[in-house]
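Quick one: sequence plus predicted model below, questions after.
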Amino acid sequence: MHGSRKFIAEYVEALAGGLDGYRPAGQVLLFPAFGHLSVLSEAVQSAGLGAVIGLGGQTLHTEPSGAFTGEISGEMLADLGAGWVLVGHSERRQYAAETDELTAQKVGAALRAGLKPMLCIGETEAEREAGRAREVVVRQLEAVLAEHADGLAAVAYEPVWAIGTGRTATPDLAQEMHAVIRDVLRERSHALADGLPVLYGGSVKGGNARSLFGEPDIDGGLVGGASLQADEFAEIVRALEV
């Protein structure tokens, strides 16, 4: 929940400078508060970054419309310029008490609206200390795969204990959990395991991005606070060259 029209204008200008001459092999996505989607879309196009940067929503409602004051549907997100949407983000699970069942329903809603869903999964500090990290991650992932194995566009592993705390999982630890995710996908099909991007989302910064992205099962990052600084985010994007 960050940003303003002024911030977006300055941010996109700075990001365009930071990415000048660089065209990443993968896709760069920005997920603003939904009220800023159209503003950000216009700024990205004006800066000539339309071919490089895609946009997404931070969440969505399960229904396309109705008496759900304060909510936004996938169809509305698409109308505002979004092509992607986050589903099951750790903060939605924490503050809105979103369950695995609801997360699966939201993935279905995203697909109905023609959006690409990025499923967020990950364990809390208490769950990791109790030795349940693998159990929690597998449960959250399989709850969606059971209904939408062919619909996911990406999975983001968020160790909740590393989000906004400055604590980052070591590349080895992050790779260990990503390998678990990849194994679950492989049980469904090798094509799914090989083709679905699995991103790391736990205090990714310019200084650690290259070492994280260098791991065999980490395909990129779901960046939090560092994405609010255009120069830092550009450095992270450039780390995808590894």
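Now that the structure is in, tell me what you want to look at. Residues are numbered from 1 along each chain as shown.

who touches the worst-scoring helix or strand of the chain on mean pLDDT?
Across the helices and strands of the chain, mean pLDDT, DSSP states H and E gives its lowest value to helix 125-129, namely a mean of 90. Under the contact criterion CB atoms under 8 Å, 6 or more residues apart in numbering, helix 125-129 has outside partners Ala133, Val136, Pro159, Val160, Trp161. (Glycine included, C-beta is placed from N, CA and C.)

How are the strands of the chain distributed by residue range?
28-30, 53-57, 84-87, 116-121, 154-157, 198-200 (DSSP state E).

For those, give me JSON lines that also has mean neighbour count.
Output for these, formatted as JSON lines (neighbours: other CB atoms under 10 Å):
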{"stretch": "strand 28-30", "mean neighbour count": "21"}
{"stretch": "strand 53-57", "mean neighbour count": "23"}
{"stretch": "strand 84-87", "mean neighbour count": "26"}
{"stretch": "strand 116-121", "mean neighbour count": "25"}
{"stretch": "strand 154-157", "mean neighbour count": "24"}
{"stretch": "strand 198-200", "mean neighbour count": "25"}
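
Ala96 versus the closest residue to His36 other than its chain neighbours, what's the distance?
Nearest residue to His36, sequence neighbours excluded (CB to CB, 6 or more residues apart in numbering): Gly3, at 5.4 Å. In this view, Gly3 and Ala96 are 20 Å apart by CB to CB, to the nearest Å.

Compare these two (neighbour count), which wins?
Gly3 (15 against 11; other CB atoms under 10 Å).

show me what contacts that one?
Going by CB under 8 Å, 6+ apart, the list of residues near Gly3 reads Tyr11, Pro32, Ala33, His36.

again, 10 Å this time
Gly3 makes contacts with Tyr11, Pro32, Ala33, Gly35, His36, Val39, Leu40, Leu228, as judged by CB atoms under 10 Å, 6 or more residues apart in numbering.

quick one on the thing from earlier: model confidence score at the residue nearest to His36, please.
As predicted, Gly3 sits at a pLDDT of 94.

Looks like Val223 contacts Ala230 (just checking).
No: counting by CB atoms under 10 Å, Ala230 is not a contact partner of Val223; they are 11.9 Å apart.

between these two, who's got more neighbours?
More crowded of Val223 and Ala230, by other CB under 10 Å: Val223, with 24 against 18.

Quickly note the distance from that one to Phe213.
12 Å.

go on, Glu176?
16 Å.
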